[in-house]
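Participant: Here is my input; please provide its structure:
(2 chains)
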Amino acid sequence: AQTVTQSQPEMSVQEAETVTLSCTYDTSESDYYLFWYKQPPSRQMILVIRQEAYKQQNATENRFSVNFQKAAKSFSLKISDSQLGDAAMYFCAYIVTGTASKLTFGTGTRLQVTL
Amino acid sequence: DTGVSQDPRHKITKRGQNVTFRCDPISEHNRLYWYRQTLGQGPEFLTYFQNEAQLEKSRLLSDRFSAERPKGSFSTLEIQRTEQGDSAMYLCASSFPGTSGQETQYFGPGTRLLVL
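Facilitator: Sure thing, here's the model as predicted:
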C-alpha cells in the first residue's frame, strides 16, 4: 500500500524560532510530486510548498523549505522565523505523475506557535 | 481569482435522509476531486473527474454515494440513506495539469456533515 507517515502528532515552536516537521512516504513509483498543505482551524486547506521528485534541489517558499531525501523517502518541512499565523495542521501528501492523480495524505502534525 | 467554493458549509441531517453537496471548481480547472476527512485524519480520496467523465472511484465510495459533474463545471456529491459513520468533512479540490504534468490541487472550504 502507498502510505504517508507523519510521526509527530503535535509540535510546538516559539515565535521567531525554527521548527521542522517530518514526513516519510512509501511508493514504488519513480515519478511523483510531494506537497505540504496547511489547514488552519476551521479554515480551508492551502498549499504551502511543492517538490518534484525528479528535482534534486530542495524547494523553498519564503520562510518555508523542504529537505527532500528521495532514497530515504523522506520529505521534511522547515519553517523559519515562525509566526503566530503558522499555527495549523500540516499535512504531507504525494501524487503519482500521469495516473489518476489522487493525493495520498498523512495524518497530519498540529503545530502550535507560542509567544 | 475565485477559488474553489462549496455549498453548504455545514449540514445536519437525520440518519436515513439523503443529502447533496455542491462544488464549484476554479473556472479553468478541468479536474475535480472529492475527499473525505474525519476528525484527526488526513483527507481520503473518494472520486475524481476529468471534465465530465468520472475516472476513478475509491472503494470508500459505497453504493450510497454518487457523484456527478454533468457539464464539466460544477459537481455534486449525493449521499443516500445517510448513516452516522458518514459524519465527516467533505472536501472538494480542483486542478489543471500543466504541460510538464505538474498538478497542484486547490481545495475548497469543505462541507461539514453531521448525521444524527
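Participant: State the number of residues packed around B:Glu28.
Facilitator: 7 (other C-beta atoms under 10 Å in any protein chain shown). Bear in mind the C-beta positions are built from the backbone N, C-alpha and C, glycine included.
Participant: quick one, phi psi at it?
Facilitator: According to degrees, to the nearest 10, the main-chain angles of B:Glu28 amount to phi -90, psi 0.
Participant: For B:Ser94, see how far away it is.
Facilitator: According to C-beta to C-beta, to the nearest Å, B:Glu28 stands 9 Å off from B:Ser94.
Participant: Check A:Phe35 too.
Facilitator: Applying C-beta to C-beta, the value for A:Phe35 to B:Ser94 is 15 Å.
Participant: does chain B sit close to the helix or strand where A:Phe75 lies?
Facilitator: Following DSSP states H and E, the helix or strand that holds A:Phe75 is strand A:74-79. No - judged by C-beta under 8 Å from any C-beta of the partner chain, strand A:74-79 makes no contact with chain B; its nearest approach is 14.3 Å.
Participant: which residues touch residue 33?
Facilitator: All of this refers to chain A. Counting by C-beta atoms under 8 Å, 6 or more residues apart in numbering or on different chains, A:Tyr33 touches A:Arg50, A:Gln51, A:Glu52, A:Ala53, A:Tyr94, A:Ile95, A:Thr97, B:Gln102, B:Glu103, B:Thr104.
Participant: nope, chain B
Facilitator: B:Tyr33 neighbours (C-beta under 8 Å, 6+ apart): A:Lys102, A:Leu103, B:Phe45, B:Leu46, B:Thr47, B:Tyr48, B:Phe49, B:Cys92, B:Ala93, B:Ser94, B:Ser95, B:Gln105.
Participant: quick one: which of those sit in helices?
Facilitator: Using DSSP state H, no member of the contacts of B:Tyr33 falls within helices.
Participant: Now distance to B:Arg15 too, for those residues, in JSON lines please.
Facilitator: Shown next, in JSON lines, are the contacts of B:Tyr33 (distance: C-beta to C-beta, whole Å):
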{"residue": "A:Lys102", "distance to B:Arg15": "29"}
{"residue": "A:Leu103", "distance to B:Arg15": "30"}
{"residue": "B:Phe45", "distance to B:Arg15": "25"}
{"residue": "B:Leu46", "distance to B:Arg15": "20"}
{"residue": "B:Thr47", "distance to B:Arg15": "23"}
{"residue": "B:Tyr48", "distance to B:Arg15": "28"}
{"residue": "B:Phe49", "distance to B:Arg15": "29"}
{"residue": "B:Cys92", "distance to B:Arg15": "24"}
{"residue": "B:Ala93", "distance to B:Arg15": "28"}
{"residue": "B:Ser94", "distance to B:Arg15": "31"}
{"residue": "B:Ser95", "distance to B:Arg15": "34"}
{"residue": "B:Gln105", "distance to B:Arg15": "31"}
